[in-house]
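**Q** pasting a predicted model and its sequence here:
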Amino acid sequence: MLTDTKEKLYQCDVCEKNYAHGRYLKTHMLIHTKEKPHRCVACEKSFSVISNLKSHMLTHTKEKRYLCDVCEKRFARGRDLNTHVNILTEMTSTDLGVDQTDICDQRFLEGGNVKRHMLKHSIEKLQRCDVCEKTFTQSSTLKRHMLTHTKEKPHQCNVCGKTFIRLGILKQHMVTHTNEKPHRCDVCEKRFARKDVLKKHMLVHIDEKPFRCDLCDTGFTQSGNLKRHLLTHTNEKPYRCVVCEKRFRINSNLKTHMLTHTKERRYQCDTCGKKFTQHGNLKTHMLIHTKKKPHRCDVCYKTFTHSGNLKRHMLTHQKM
């Protein structure tokens, strides 16, 4: 209801709390009704406020926007960063025995800034990498990090022999050999081998594209896609074939191209045994066996197995 005051405050009928705008009252009322209309399409968790949903979605995309200026660790949510800083403050002031005395003579207007600055001095007592000077709170984490410098990959795939730094990455890789796709999108029914890829895919259904190109304002769901897009403006092609020196914007395109030199054909048709260098070519080939013709002419409704055949067919209508 609207209260009779000069400020025209909107008052909650349940707890009598006042709000300057009706939309704020409407959001507040969800606390009393327990209604949570905003649902995550990835894990089905529900939220009363859409901003909380957007913040939650970052846990699925693995995007970490918030940077700790003390140890440079990144977090998906601002409150997670605040919790981290509080823990780091307590740890460095007690466990590490920091003496809060003058060290560098730098001065601050607020006491909170002094404490935050002191963490940068106390961080020196953490586990530090001798190569890149990155710091860690635990020696086990530092040990895993060192593998990125030594290039050591102790976990090996027993199917193809490929090696990996972490066991978790090896487990994800093993799915590529089984061709299993147990994770299904409830919206479009597309299937994925890995759950994290499904979670990233779900962003296309909520139409949330927080990463925008400064040049053309195109939006993207992931920062990596934005980085690849920017190469279209610079015409930069950083990935070069060592055999023929052909260049590519994306590393995956280079890997696919390399198969033309190795003549390796990884993808085999289960029906006739024919092999292909690319999975997309195998999918197109399978249409021969399934008799499916997904490409349809909008003029005469004739269908075709390949898009190229449809394009050639469309020319017959232009001549008429």
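**A** Perfect, thanks for sending it.
**Q** just for the stretch 201-320 of the chain, where's the confidence low?
**A** Scanning the stretch 201-320 of the chain for pLDDT under 70 picks out 206-208, 319-320.
**Q** can you give me the strands in it?
**A** For the stretch 201-320 of the chain, the strands defined by DSSP state E, counting those that start in this stretch cover 211-212, 219-220, 239-240, 247-248, 267-268, 275-276, 295-296, 303-304.
**Q** what bridges to Phe75?
**A** On the basis of DSSP bridges, Phe75 is bridged to Tyr66.
**Q** what about it, how many residues nearby?
**A** Using other CB atoms under 10 Å, Phe75 has 18 neighbouring residues. Placement of C-beta: from N, CA and C, glycine included.
**Q** Thr163 reaches Lys151, doesn't it?
**A** No. Under the criterion of CB atoms under 8 Å, Thr163 is not in contact with Lys151, lying 9.9 Å apart.
**Q** which one's more surrounded, those two?
**A** Looking at Thr163 and Lys151 with other CB under 10 Å, you find the greater number of neighbours at Thr163, namely 15 against 8.
**Q** tell me the pLDDT of Gln138.
**A** Listed pLDDT for Gln138 reads 66.
**Q** list the contacts of His285.
**A** Shown in contact with His285 (CB atoms under 8 Å, 6 or more residues apart in numbering): Cys269, Lys274, Phe276.
**Q** name the nearest residue to Thr256, sequence neighbours excluded.
**A** Spatially, and ignoring its direct neighbours in sequence, Thr256 is nearest to Gln278 (5.9 Å; CB to CB, 6 or more residues apart in numbering).
**Q** phi and psi next, for that neighbour.
**A** The phi/psi pair for Gln278 (degrees, to the nearest 10) reads phi -120, psi 140.
**Q** residue contacts, it?
**A** By CB under 8 Å, 6+ apart, the contact set of Gln278 is Thr256, Leu259, Tyr267.
**Q** so which of these is the most crowded?
**A** Tyr267 leads those on contacts (other CB under 10 Å) with 17 neighbours.
**Q** so what's that residue closest to, chain neighbours aside?
**A** Counting by CB to CB, 6+ apart, the nearest residue to Tyr267 once its immediate chain neighbours are dropped is Leu282, at 4.2 Å.
**Q** hmm, Arg266 and the one you found touching each other?
**A** No. Leu282 lies out of contact with Arg266 (CB under 8 Å); the separation is 9.2 Å.
**Q** mutual contacts of those two, please.
**A** Here Leu282 and Arg266 share the contacting residues Phe276, scored by CB under 8 Å, 6+ apart.
**Q** higher neighbour count, the two?
**A** Taking neighbours as other CB under 10 Å, Leu282 and Arg266 compare with Leu282 leading, 18 against 13.
**Q** of the contacts of His285, which is the most crowded?
**A** In terms of neighbours by other CB under 10 Å, the contacts of His285 top out with Phe276 at 17 neighbours.
**Q** and for Val85, the neighbour number?
**A** 19.
**Q** with Phe47 instead?
**A** Applying other CB under 10 Å, we find 17 residues neighbouring Phe47.
**Q** same thing with the one 3 residues further on?
**A** Summarising burial for Ile50: neighbours were counted as other CB under 10 Å, giving 13.
**Q** quick check on the closest residue to it other than its chain neighbours: phi, psi?
**A** Distances taken as CB to CB, 6+ apart put His38 closest to Ile50, at 4.8 Å, once the chain neighbours are dropped. Torsion angles at His38 (phi, psi; degrees, to the nearest 10) stand at phi -100, psi 110.
**Q** partner residues bridging His38?
**A** With DSSP bridges as the rule, His38 is bridged to Phe47.
**Q** give me the neighbour count for it.
**A** Using other CB under 10 Å, His38 has 18 neighbouring residues.
**Q** how about the one 4 residues further on?
**A** Per other CB under 10 Å, the neighbour tally for Ala42 reads 22.
**Q** what's the answer for Cys272, then?
**A** Neighbour count of Cys272, defined by other CB under 10 Å: 10.
**Q** pretty sure it contacts His289?
**A** Yes. With contact defined as CB under 8 Å, Cys272 counts as touching His289 (7.3 Å).
**Q** what about the helices in the stretch 51-200 of the chain?
**A** Under the criterion DSSP state H, counting those that start in this stretch, the stretch 51-200 of the chain contains helices at 78-94, 111-122, 139-150, 167-178, 195-201.
**Q** mean pLDDT for these: which is lowest?
**A** Lowest mean pLDDT within the helices of the stretch 51-200 of the chain: helix 111-122, at a mean of 56.
**Q** next one: Thr260 from Lys246, what distance?
**A** Going from Thr260 to Lys246 by CB to CB, to the nearest Å gives 10 Å.
**Q** how about Cys40?
**A** From Cys40 across to Lys246, the span is 42 Å (CB to CB).
**Q** give me every residue that touches the nearest residue to Leu231 once chain neighbours are set aside.
**A** Leaving aside its chain neighbours, Leu231 sits nearest to Arg249 (4.5 Å; criterion: CB to CB, 6+ apart). The contact partners of Arg249, taken as CB under 8 Å, 6+ apart, are Arg228, Leu231, Thr232, Glu236, Lys237, Pro238, Tyr239.
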